[in-house]
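**Student:** quick one: sequence plus predicted model below, questions after.
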Amino acid sequence: MNYRAFISISMFIFVVILFTTGLIIEVAEELVGEDEAIPSYLYLIMSFLTAAHVFSGIFFTALSVFHIIKNWSALKKYLKAKNDKINKERSLALAWIAIIAVLGFIVALIKES
């Protein structure tokens, strides 16, 4: 069995599930007011989506650990490399992290107001 392929495909599937369920949950929470009664069938659907989101996150995290373990030698080479190409890649990865952190902070501020 090709474990790298299995882990990569599984991680992709869980990312799609995480993104889709997270988006649906966020939109649904905005559409339904806090004081409004939620029909039981919608409550059941939202509970299912929330559970699917949480379990997908747990499995994605576990698969991420296995992914790092299986690709540890390559990861060490990337982190130890001194050439410009790798430094640009590291900088881009850090930029993505910063962008996501800023966007998360902005969304949190918007939701609080």
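**Tutor:** Sure thing, it's come through. Numbers count the residues shown, from 1 in each chain.

**Student:** how far away from the center of its chain is the helix or strand of the chain with the lowest mean pLDDT?
**Tutor:** Lowest mean confidence among the helices and strands of the chain (mean pLDDT, DSSP states H and E): helix 72-80, at a mean of 81. Helix 72-80 sits 23 Å away from the centroid of its parent chain (CA atoms, centre = their mean, to the nearest Å).

**Student:** stretch 69-81 too?
**Tutor:** For stretch 69-81 - counting by CA atoms, centre = their mean - the centre lies 22 Å from the chain centre.

**Student:** now do L79 against I17, distance only.
**Tutor:** Taking CB to CB, to the nearest Å as the criterion, L79 is separated from I17 by 30 Å. For the C-beta atoms, the positions are set from N, CA and C on the backbone; glycine is no exception.

**Student:** so which of these two has more stuff around it?
**Tutor:** When neighbours are counted by other CB atoms under 10 Å, L79 and I17 differ, and I17 comes out ahead with 18 against 9.

**Student:** the more buried one: what's its closest spatial neighbour, skipping adjacent residues?
**Tutor:** The spatially closest residue to I17, leaving aside those adjacent along the chain, is S56, at 4.4 Å (CB to CB, 6 or more residues apart in numbering).

**Student:** what residues does that neighbour make contact with?
**Tutor:** With contacts defined as CB atoms under 8 Å, 6 or more residues apart in numbering, the neighbours of S56 are 14, 17-18, 21.

**Student:** quick one: average pLDDT of the helix or strand hosting I17?
**Tutor:** If you go by DSSP states H and E, I17 is part of helix 3-31. Along helix 3-31, the predicted confidence averages to a pLDDT of 91.

**Student:** immediately after it, which helix or strand?
**Tutor:** Moving toward the C-terminus from helix 3-31, the next helix or strand (DSSP H and E) is helix 40-70.

**Student:** just want the angle from that next one to helix 3-31.
**Tutor:** Here helix 40-70 runs at an angle of 150 degrees relative to helix 3-31 (axes from the mean of the first three to the mean of the last three CA atoms, to 10 degrees).

**Student:** distance check, I97 against A52.
**Tutor:** Here I97 is placed at a distance of 26 Å from A52 (CB to CB).
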